[in-house]
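J.: would you be able to build a 3D model of this:
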Amino acid sequence: MNTVLPSTDLPLQSSSLALESSPLVLPSELSLRLRSPLQIGDVVVRSRVLQSPLSGVTDKVFRRLVRRYAPQSMMYTEMVSAAELHHLQRLPILMDIDLDERPISIQLFDRRPDFLAAAARKAVDQGADTIDINMGCPVNKITKNGGGSSLLRDPDTAVRIVEAVCEAVDVPVTVKTRIGWSDEDINAVDFARRMESAGAQMLTLHGRTRAQGYTGSARWDWIARVKAALTIPVIANGDIFSVESALRCLIETQADGIMCSRGTLGYPFLVGEIDHFIKTGEIKPVPSVIERLTCAKEHLTMLWEYKGIRGIRQARKHMAWYAKDFPGAAELRDRLCRIDSVEAGCYLIDQAILRLS
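T.: Numbers count the residues shown, from 1 in each chain. Alright, predicted model coming up:
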């Protein structure tokens with residue numbers, strides 16, 4: 001039986017234009033596969049929708065909110081520097097995970113196999129169910145030191161990293177990467193094959209090059225090529241902002257799952273919405289503006305309780321992401337971006353809720 005979702009948002013891929021005016025159909029074979037658990041080595045995850053690691057975002061507070069709506073999904077920490085772990089006497093707060101957070105993965109980055117192997121052992125001691133190696137971050141301060149997406153141009157080192165980490169830990173090792181360094185240097189298929197041969201148990205592919213950063217459209221066709229070339233699970237990433245875009249991506253790529261990234265900023269409901277539809281064929285009601293602002297207030301309060309004044313500073317960007325698409329949103333967003341206390345933020349949100357009620 002096919003799963004059908006009414007077409008409501010514009011397709012992000014030119015190859016999906018034929019689907020724009022008709023209901024979106026999830027083929028029965030794909031639907032059946034996606035409703036089964038995701039097997040990552042010997043780790044079983046009962047959801048095919050994952051929350052991406054996001055620097056400065058996916059801390060314990062944010063993960064807790066996402067997990068409320070997607071209790072079986074794999075969560076990822078913010079990426080952790082293996083070099084920092086090597087030199088710090090205490091573990092960084094980025095690796096702070098709760099006992100009830102499983103399934104949980106800790107993402108690491110560096111270019112030195114020995115540093116990453118040692119960091120992976122510490123991550124497993126912290127409770128990581130899998131170790132994810134970042135080979136896709138496009139930020140200059142990461143790539144200039146040979147980490148992140150720069151490893152796409154040094155596949156031999158990338159292979160040695162995966163081999164070293166696999167040897168160091170007894171949990172599955174996974175890789176998150178991009179389709180290539182630039183349009184002139186797309187090597188996604190060969191690179192992915194080498195990661196699988198080195199021992200990676202899953203690969204997440206962001207459908208952009210490093211040169212693109214987060215501009216332009218994600219090229220899902222390259223994810224489809226990598227999926228066809230590998231035997232390990234391939235997770236699609238890039239331009240997932242709704243249930244419909246997730247299903248379009250899955251249909252086009254035949255991927256084994258979806259990883260949500262920027263679509264969850266100010267909207268921690270997305271992973272759960274996609275997961276619910278894949279499992280049941282039902283569309284969850286979209287949260288009202290008041291429900292979104294109530295979530296924003298809770299997010300702010302939790303960050304204050306967890307990190308103090310530093311949490312308030314970090315909350316400003318989160319509050320800006322929540323304050324969108326309703327009357328008075330621009331003014332509220334401007335004021336929330338300048339809060340210096342939890343009381344000030346809660347007051348502004350309460351006033352906005354009162355006006356919208």
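J.: just the buried residues of the biggest strand by length in the chain, please?
T.: Secondary structure of the chain per DSSP state E: the longest strand is strand 173-182. By neighbour count on 16 or more other CB atoms under 10 Å, the buried set for strand 173-182 is 173-181. Every residue, glycine included, has its C-beta placed from N, CA and C.
J.: do stretch 136-144 as well
T.: Neighbour-count burial for stretch 136-144 [16+ other CB under 10 Å]: 136-138, 142-143.
J.: same check, this time on stretch 284-291
T.: 287, 289.
J.: try stretch 75-84
T.: Buried residues in stretch 75-84 (16+ other CB under 10 Å): 75-83.
J.: now, these that are in helices?
T.: With helices taken from DSSP state H, the overlap with these comprises 82-83.
J.: pLDDT and distance to Asp334 added to the buried residues of stretch 75-84, as a markdown table?
T.: Formatted as a markdown table, these follow (pLDDT from 0 to 100; distance: CB to CB, whole Å):
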| residue | pLDDT | distance to Asp334 |
| --- | --- | --- |
| Met75 | 97 | 31 |
| Tyr76 | 97 | 31 |
| Thr77 | 95 | 31 |
| Glu78 | 94 | 27 |
| Met79 | 93 | 30 |
| Val80 | 93 | 33 |
| Ser81 | 92 | 34 |
| Ala82 | 93 | 39 |
| Ala83 | 89 | 38 |
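J.: ok, of the buried residues of stretch 75-84, which one's closest to Gly272?
T.: Met75 (12.1 Å; CB to CB).
J.: that's a helix at Leu65, yeah?
T.: Yes - judged by DSSP: H, G, I helix; E, B strand; the rest coil, Leu65 forms part of a helix.
J.: for it, give me its contacts.
T.: Applying CB atoms under 8 Å, 6 or more residues apart in numbering to Leu65 gives the contacts 268, 295, 298-299, 302.
J.: tell me where the longest helix sits in the protein.
T.: Under DSSP H, the chain gives helix 289-307 as its longest helix.
J.: for the stretch 51-200 of the chain, just list every one of the strands.
T.: Counting by DSSP state E, counting those that start in this stretch, the segments of the stretch 51-200 of the chain that form strands are 75-76, 80-81, 104-109, 130-135, 173-182, 185-186.
J.: ugh, wrong one, the stretch 251-357 of the chain
T.: 257-260.
J.: so, low pLDDT: which residues of it?
T.: Under the criterion pLDDT under 70, no range of the stretch 251-357 of the chain is flagged.
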